[in-house]
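Peer 1: model this:
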Amino acid sequence: MADNFGRFRGASVQSPSDRRQRSVAGQVFVLQVAVVVLLVAGAVLALVLQSRHDSDREARNRAVAVTQTFAHSPGVVAALRSPDPSAVLQPLTEAARRAAGVDFIVVTDTEGIRYTHPRPELIGKPVVANIEPALAGHVLVESVDGPLGREVQAVGPIVGPEGAVEGVVISGLKVKNVTGVVDRQLPIILATSAAALALATGGTALVTRRLRRQTHGLGPAEMTRMYEHHDSVLHSVREGVLIVGDDTRLLLANDEAKRLLDLPPDAEGRRIADLPGLDPGTAELLASGRVVTDEVHYAGDRLLAVNQRPTDRRGGARSAVATIRDSTELMALSGRAEVAGRRLKLLYDAGGGIGTTLDMVHTAEELADVAVPRFADFVTVDLAATVLDGGEPIGTGANMRRVAVSGIRDDHPLYPLGTLIDFVPSTPQARGLVGGGSEVLADLSAAPGWHAQDRERAGETVEYGIHSLITVPVKSRGAVLGMANFWRMEKPEPFDEEDLSLAEELVTRAAVSIDNARRYTREHALAVALQRSLLPRALPEQSALDVAHRYLPAQSGVSGDWFDVIPLSGCRVALVVGDVVGHGLHAAATMGRLRTAVHNFATLDLAPDELLSHLDDLVGRIDQDEADPDVGAGIIGATCLYAVYDPVSRSCVMARAGHPLPALVHPDGSVEFPDLPAGPPLGLGGMPFETIELEPAEGSLLVLYTDGLIEDRSRDLDVGMELLRQALAHAGRSPEESCRAVLDALLPERPKDDVALLIARTRTLAADRVAEWDVPSDPAAVAVMRETVAAKLEEWGLGDQLFGTELILSELITNAIRYGSEPIRVRLLRDRSLICEVADGSSTAPHLRYAATMDEGGRGLFLVAQIAARWGTRYIPEGKVIWAEQLLSDSADMQAVISIDMDD
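Peer 2: Numbering: from 1, shown residues only. The predicted structure follows:
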């Protein structure tokens, strides 16, 4: 180290005078002197500012003290009250001013008129001061431009014995007198600062002399170059290090460099071209000084990686430092490391690219796409047909469906996509399906077991160039779901055991996703089957409405949306749309329970609000019954809209429980959303449901739907409602056309929520198909009504229904006269069936009774039940209606039934 140091020092070409001027010690001296000067200047400035501040504060404190002292002096208040305050106070203030060392003491009245002043000509004139705080009893210190110049003054009150302000005292100093104190102190401050600067400069000179002795007078460039050379050596001791000068002489070579390059002991100081045994390429590189990074050179049987950088970036003599490392073994391992890196990257990509959906076929395609072409040239995936249906695998090579094919070319001879394959027992695929083991066929041309599957296709495959195969079972939870096949064609080397490990890792990641998708497919199929069985398969026949409907299950699975069309008495029809929150089997089962309940409540002919109240109670009871987590999950939310349309009166009564508003499309194409009170969702209880009654024109469309139609994460609810309005705003469309238009406008291809849509076009029952009569409360009126009804039936061409109709009306009218109250009305409706209705003002409902053999009465309603296809009671605001519906069939059959019943 000492020799090198001396060599670098001796190599300097600068004169001694230049070295002294540019030495590190000289630069440090200048820097330290500059710092000391700045510090002293800052200190002087701080002292001056502090002195000014202290003087100003002292002047203010003195002014306040003089003001308060004079204001509380004895006799001041009496002087103010005297006939001539100026004559009394002027001598006093002047004496006090001189004694206190202030420039002025001024006394004024409460209006600010001076009584005293150092300049008598100003007595009687307004003072230059803010006396408002003093009149309020406070002392104010301020700086003003007064008669004497710039002044610092204190303004204070003179308070009389009663506490009132009698006058004002103002005392202070001129600003120039305050600053004069500072000016007198400034020479002392400057002298002290000069002494401190001299002392600091002397100390800096001593430090500089010591630093010059320690650095031997070296300049910054020499010290920097020496530091770069030695630092390179010290930080590269595990590699060969050489330093080559500008004249191509070798300045430094460490032991590792001498060993790697076989340099002689006296190599340092010699030119690179004169060194014996040095490879010409290496010698040319070291002599050129050019920048290289990991440039490979040979040295005997060694493979050297050379890095070279110049060291003259800060001026001075040029040189270059080169580092050399033996990379013989590293280069041998680099190929393997590169392969391992590619495989790790493939596994990483497979982790994010396989299993992105719950779809078995799509997952198999993802596996094939990830492996081609980075691992294999062709990949095929075969799954058991039972697995694709969501079932369990059968564990044989039969009925395997090819679900994924990916390759570098499309003209391959492998089985195409969708082929149903039965693998023979000699194939590796069949062995893997039965035993669950993977196999490598390094040479397909010498694999007779694989050829036995299809000799012609196998020959074409080998002739095509595919020479190696890996078969891996798609296995999860101990069950083999299918087989993944990896084929190699372009790479001449066959698959090996390391390739088999990578293939198994890829297939394992895909197998978990495929099994999850299989289980999801099975559960989804069960849920869909359950839901489909719970939804109406066909709409009932009725004449009041022309109905079209749509149901679309969600992408994520079935849920609890449902709809219904329920025929009611009197040609009326109920429309229902509901929604149970959630997805899966529980939501579908809950929907079935609610749909059944709506059917049962509708049979009772309840008004919409009453039906929703009963349904709300039912949901509340279900939640209570299933509150135990071991029993069930309960109903976490449900909504419903129930509407009843009467084609006779053209009235539509509806109510809703937390459900979206219905839409009404008028015959002219205009759309409105009726203001139907929302009501709480089902199960909350405590709040009544409200109804509204509409009277849509014939041909209007009633549109009922669930929230999945209008709600979407990508848009607001108002936007969805407006899109629905625009889709419906067309005149003359049929319900079926409107359904298609609405779904096309509002729904994506795969909706995230279930959608139920029900569109009904209203019809009316013609007036000539309706007959009504008022009946007096007289038993004799029964016979009159029989004759009247008989005439109407003959007019309608329904004479064959006369016998049963007379019997029904006789019994119903007689019961209304005997047990009911007025008014009594009879109505006949001719629709798909003949409907007889008897209304009265009583709310007492009749009951069917089975009379004994010897009873003389009690058979009336029994006969009505036998003759009519359906009968029942519904309540209206004026009382009740008993109705009976007859099918338009042969009356002879009815008479036979009646006679048999009478004989019994």
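Peer 1: send the alpha carbons of the helix or strand harbouring residue 704 over as PDB?
Peer 2: Per DSSP states H and E, residue 704 falls inside strand 701-705. Coordinates of each C-alpha in strand 701-705 appear next as PDB, following Å, rounded to 0.1, in the frame of the first residue of the first chain:
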ATOM      1  CA  LEU A 701    -100.500  -3.900 -21.200                       C
ATOM      2  CA  LEU A 702     -99.900  -4.700 -17.500                       C
ATOM      3  CA  VAL A 703     -96.100  -5.300 -17.000                       C
ATOM      4  CA  LEU A 704     -94.900  -7.000 -13.800                       C
ATOM      5  CA  TYR A 705     -91.200  -7.900 -13.300                       C
END
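Peer 1: Downstream of that strand, the next helix or strand is which one?
Peer 2: Under the assignment DSSP H and E, the closest C-terminal helix or strand after strand 701-705 is helix 717-728.
Peer 1: from the chain's centre, how far out does whichever helix or strand comes after that next one sit?
Peer 2: Toward the C-terminal end, the helix or strand that comes next after helix 717-728 (DSSP H and E) is helix 735-746. Distance, stretch centre to chain centre, for helix 735-746: 31 Å (C-alpha atoms, centre = their mean, to the nearest Å).
Peer 1: Show me what helix 735-746 is packed against.
Peer 2: Applying 3 or more C-beta pairs under 8 Å, 6 or more residues apart in numbering; DSSP states H and E, one finds that helix 735-746 contacts strand 545-552, strand 701-705, helix 717-728, strand 755-762. Glycine gets a C-beta too; all of them are placed from N, C-alpha and C.
Peer 1: mind running it again at 7 Å?
Peer 2: In terms of contacts (3 or more C-beta pairs under 7 Å, 6 or more residues apart in numbering; DSSP states H and E), helix 735-746 is packed against strand 545-552, helix 717-728, strand 755-762.
Peer 1: just how off-centre is the first one within its chain?
Peer 2: The gap between where strand 545-552 is centred and where its chain is centred comes out at 35 Å by C-alpha atoms, centre = their mean.
Peer 1: The residue lying closest to residue 407 once chain neighbours are set aside: how many residues sit nearby?
Peer 2: Distances taken as C-beta to C-beta, 6 or more residues apart in numbering put residue 378 closest to residue 407, at 3.7 Å, once the chain neighbours are dropped. When counting by other C-beta atoms under 10 Å, one arrives at 24 neighbours for residue 378.
Peer 1: same question, residue 446
Peer 2: 10.
Peer 1: quick one: contacts for it?
Peer 2: By C-beta atoms under 7 Å, 6 or more residues apart in numbering, no residues touch residue 446.
Peer 1: Could you identify which of the helices and strands packed on helix 735-746 is most buried?
Peer 2: Burial of these is given as mean neighbour count (mean count of other C-beta atoms under 10 Å); strand 755-762 ranks first at a mean of 25.
Peer 1: angle of it against strand 701-705?
Peer 2: On the basis of axes from the mean of the first three to the mean of the last three C-alpha atoms, to 10 degrees, strand 755-762 is oriented at 160 degrees to strand 701-705.
Peer 1: Could you point out the helix or strand that follows strand 755-762?
Peer 2: Once the chain leaves strand 755-762, the next helix or strand it forms, by DSSP H and E, is strand 770-775.
Peer 1: buried ones in that following strand?
Peer 2: For strand 770-775, the neighbour count (16 or more other C-beta atoms under 10 Å) marks 770, 771, 775 as buried.
Peer 1: Determine the set of other helices and strands touching it.
Peer 2: helix 781-796, strand 824-830.
Peer 1: quick one, which of the ones you listed is nearest to residue 392?
Peer 2: strand 824-830 (57.4 Å; C-beta to C-beta).
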